[in-house]
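Chemist: missing the sequence, but the structure's below:
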(Lines give C-alpha, C1' and ligand atoms only; values in the text may rest on other atoms or scores of the structure.)
Protein backbone atom coordinates (compact mmCIF):
# COMPACT_ATOMS: atom_id res chain seq x y z
CA UNK A 1 0.00 0.00 0.00
CA UNK A 2 1.45 3.36 -1.03
CA UNK A 3 1.20 6.64 0.87
CA UNK A 4 -1.47 9.17 -0.10
CA UNK A 5 1.06 11.56 -1.64
CA UNK A 6 4.77 12.10 -1.54
CA UNK A 7 6.42 15.48 -1.48
CA UNK A 8 9.78 15.82 -3.17
CA UNK A 9 11.46 19.09 -4.00
CA UNK A 10 8.33 21.05 -3.18
CA UNK A 11 6.17 19.27 -5.81
CA UNK A 12 3.34 17.07 -4.64
CA UNK A 13 3.26 13.77 -6.48
CA UNK A 14 0.00 11.87 -6.14
CA UNK A 15 0.37 8.19 -5.41
CA UNK A 16 -2.47 7.36 -7.79
CA UNK A 17 -1.41 7.64 -11.47
CA UNK A 18 -4.93 8.78 -12.42
CA UNK A 19 -4.61 11.70 -10.03
CA UNK A 20 -1.30 12.59 -11.66
CA UNK A 21 -2.86 12.39 -15.08
CA UNK A 22 -5.85 14.44 -14.01
CA UNK A 23 -3.51 17.12 -12.68
CA UNK A 24 -1.50 17.10 -15.91
CA UNK A 25 -4.55 17.54 -18.16
CA UNK A 26 -6.27 20.03 -15.88
CA UNK A 27 -8.94 17.93 -14.19
CA UNK A 28 -9.53 16.85 -10.64
CA UNK A 29 -10.12 13.36 -9.20
CA UNK A 30 -13.78 13.30 -10.20
CA UNK A 31 -12.98 13.87 -13.89
CA UNK A 32 -14.31 17.41 -13.70
CA UNK A 33 -12.46 19.95 -15.75
CA UNK A 34 -10.93 22.74 -13.69
CA UNK A 35 -10.42 25.89 -15.68
CA UNK A 36 -8.42 28.87 -14.51
CA UNK A 37 -10.38 31.99 -13.76
CA UNK A 38 -9.97 34.70 -16.36
CA UNK A 39 -9.55 38.34 -15.45
CA UNK A 40 -10.89 41.29 -17.39
CA UNK A 41 -9.14 44.59 -17.92
CA UNK A 42 -10.11 45.87 -14.45
CA UNK A 43 -8.62 42.76 -12.77
CA UNK A 44 -12.06 41.48 -11.91
CA UNK A 45 -12.43 37.73 -11.95
CA UNK A 46 -14.69 36.51 -14.72
CA UNK A 47 -16.33 33.10 -14.27
CA UNK A 48 -16.65 31.13 -17.52
CA UNK A 49 -20.16 30.08 -18.43
CA UNK A 50 -21.36 26.47 -18.26
CA UNK A 51 -21.62 26.33 -22.04
CA UNK A 52 -17.95 27.31 -22.40
CA UNK A 53 -16.93 24.56 -19.98
CA UNK A 54 -18.74 21.92 -22.00
CA UNK A 55 -17.17 23.09 -25.25
CA UNK A 56 -13.65 22.99 -23.80
CA UNK A 57 -13.94 19.63 -22.03
CA UNK A 58 -11.93 17.31 -24.28
CA UNK A 59 -11.14 13.77 -23.21
CA UNK A 60 -7.43 12.92 -23.51
CA UNK A 61 -6.42 10.19 -25.89
CA UNK A 62 -5.37 6.74 -24.67
CA UNK A 63 -1.76 7.48 -25.64
CA UNK A 64 -1.79 10.65 -23.54
CA UNK A 65 -3.17 8.71 -20.58
CA UNK A 66 -0.47 6.04 -21.00
CA UNK A 67 2.25 8.67 -21.29
CA UNK A 68 0.99 10.49 -18.19
CA UNK A 69 0.86 7.24 -16.21
CA UNK A 70 4.32 6.27 -17.42
CA UNK A 71 5.66 9.75 -16.55
CA UNK A 72 4.10 9.55 -13.07
CA UNK A 73 5.62 6.10 -12.47
CA UNK A 74 8.99 7.29 -13.76
CA UNK A 75 8.91 10.36 -11.51
CA UNK A 76 8.01 8.21 -8.54
CA UNK A 77 10.85 5.80 -9.38
CA UNK A 78 13.37 8.64 -9.81
CA UNK A 79 12.29 10.29 -6.57
CA UNK A 80 12.71 7.00 -4.73
CA UNK A 81 16.10 6.50 -6.37
CA UNK A 82 17.23 10.00 -5.31
CA UNK A 83 16.12 9.38 -1.75
CA UNK A 84 17.92 6.02 -1.71
CA UNK A 85 21.09 7.66 -3.07
CA UNK A 86 20.92 10.35 -0.36
CA UNK A 87 20.50 7.66 2.30
CA UNK A 88 23.52 5.75 0.98
CA UNK A 89 25.63 8.92 0.83
CA UNK A 90 24.64 9.82 4.38
CA UNK A 91 25.49 6.31 5.59
CA UNK A 92 28.92 6.54 3.91
CA UNK A 93 29.53 9.92 5.53
CA UNK A 94 28.48 8.47 8.89
CA UNK A 95 30.95 5.60 8.52
CA UNK A 96 33.72 8.05 7.59
CA UNK A 97 32.89 10.16 10.64
CA UNK A 98 32.94 7.08 12.88
CA UNK A 99 36.36 6.12 11.50
CA UNK A 100 37.68 9.66 12.01
CA UNK A 101 36.26 9.73 15.54
CA UNK A 102 37.87 6.39 16.42
CA UNK A 103 41.21 7.68 15.09
CA UNK A 104 40.82 10.86 17.11
CA UNK A 105 40.05 8.87 20.26
CA UNK A 106 43.21 6.77 19.75
CA UNK A 107 45.28 9.90 19.15
CA UNK A 108 43.79 11.52 22.27
CA UNK A 109 44.59 8.44 24.37
CA UNK A 110 48.16 8.49 23.06
CA UNK A 111 48.55 12.20 23.84
CA UNK A 112 47.11 11.74 27.33
CA UNK A 113 49.63 8.95 27.93
CA UNK A 114 52.48 11.17 26.75
CA UNK A 115 51.24 14.02 28.96
CA UNK A 116 51.11 11.72 32.00
CA UNK A 117 54.64 10.54 31.28
CA UNK A 118 55.90 14.12 30.95
CA UNK A 119 54.23 15.06 34.25
CA UNK A 120 55.94 12.11 35.97
CA UNK A 121 59.26 13.14 34.43
CA UNK A 122 58.74 16.69 35.66
CA UNK A 123 57.98 15.45 39.18
CA UNK A 124 61.13 13.30 39.14
CA UNK A 125 63.21 16.21 37.84
CA UNK A 126 61.77 18.53 40.50
CA UNK A 127 62.59 15.98 43.21
CA UNK A 128 66.13 15.57 41.85
CA UNK A 129 66.57 19.35 41.76
CA UNK A 130 65.53 19.61 45.42
CA UNK A 131 68.05 16.93 46.38
CA UNK A 132 70.81 18.72 44.46
CA UNK A 133 69.90 22.04 46.11
CA UNK A 134 70.05 20.37 49.53
CA UNK A 135 73.47 18.90 48.75
CA UNK A 136 74.76 22.28 47.58
CA UNK A 137 73.44 23.87 50.75
CA UNK A 138 75.15 21.18 52.88
CA UNK A 139 78.42 21.66 50.99
CA UNK A 140 78.23 25.42 51.45
CA UNK A 141 77.71 24.93 55.18
CA UNK A 142 80.71 22.60 55.30
CA UNK A 143 82.84 25.09 53.36
CA UNK A 144 81.88 27.85 55.79
CA UNK A 145 82.78 25.64 58.77
CA UNK A 146 86.11 24.68 57.21
CA UNK A 147 86.92 28.33 56.47
CA UNK A 148 86.26 29.24 60.09
CA UNK A 149 88.54 26.43 61.25
CA UNK A 150 91.27 27.09 58.71
CA UNK A 151 91.10 30.85 58.76
CA UNK A 152 90.00 31.83 62.26
CA UNK A 153 91.06 35.46 61.90
CA UNK A 154 88.70 36.41 59.12
CA UNK A 155 85.66 38.28 60.31
CA UNK A 156 83.06 37.02 57.82
CA UNK A 157 83.06 33.67 56.12
CA UNK A 158 82.29 33.55 52.40
CA UNK A 159 78.57 33.25 51.90
CA UNK A 160 78.38 30.71 49.08
CA UNK A 161 74.78 29.69 49.75
CA UNK A 162 73.52 33.21 48.97
CA UNK A 163 75.55 33.19 45.76
CA UNK A 164 74.17 29.73 44.82
CA UNK A 165 70.58 30.83 45.54
CA UNK A 166 71.05 33.86 43.25
CA UNK A 167 72.48 31.62 40.52
CA UNK A 168 69.55 29.20 40.89
CA UNK A 169 67.06 32.05 40.55
CA UNK A 170 68.81 33.31 37.40
CA UNK A 171 68.77 29.81 35.91
CA UNK A 172 65.01 29.42 36.55
CA UNK A 173 64.22 32.79 34.90
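Modeler: Nice, I can see it. From a predicted model like this one, the values you see are computed outputs, not experimental measurements.
Chemist: so where's this structure shaky on pLDDT?
Modeler: 1-57, 155-168, 171, 173 (pLDDT under 70).
Chemist: now do the strands in it.
Modeler: Secondary structure of the chain (DSSP state E): strands located at 5-8, 11-14, 38-39, 45-46.
Chemist: I'd like to know how many residues surround residue 72.
Modeler: As a burial measure, residue 72 scores 21 neighbours (other CB atoms under 10 Å). Placement of C-beta: from N, CA and C, glycine included.
Chemist: helices or strands up against the longest helix seen in the chain?
Modeler: Ranked by residue count and defined by DSSP state H, the top helix of the chain is helix 62-150. Helices and strands touching helix 62-150, by 3 or more CB pairs under 8 Å, 6 or more residues apart in numbering; DSSP states H and E, are strand 5-8, strand 11-14, helix 17-25, helix 160-172.
Chemist: cutoff 7 Å now
Modeler: Where contact means 3 or more CB pairs under 7 Å, 6 or more residues apart in numbering; DSSP states H and E, helix 62-150 is packed against strand 11-14, helix 17-25, helix 160-172.
Chemist: residues contacting residue 152?
Modeler: Residues near residue 152 by CB atoms under 7 Å, 6 or more residues apart in numbering: none.
Chemist: I meant to write residue 115 there.
Modeler: Residue 115 neighbours (CB under 7 Å, 6+ apart): none.
Chemist: what distance do you get for it to residue 60?
Modeler: Residue 115 sits 76 Å away from residue 60, taking CB to CB, to the nearest Å as the criterion.
Chemist: likewise for residue 86?
Modeler: 34 Å.
Chemist: looking at the two, which is more packed in?
Modeler: More crowded of residue 86 and residue 60, by other CB under 10 Å: residue 60, with 16 against 10.
Chemist: need phi/psi at that one.
Modeler: With angles defined as degrees, to the nearest 10, residue 60 sits at phi -70, psi 150.
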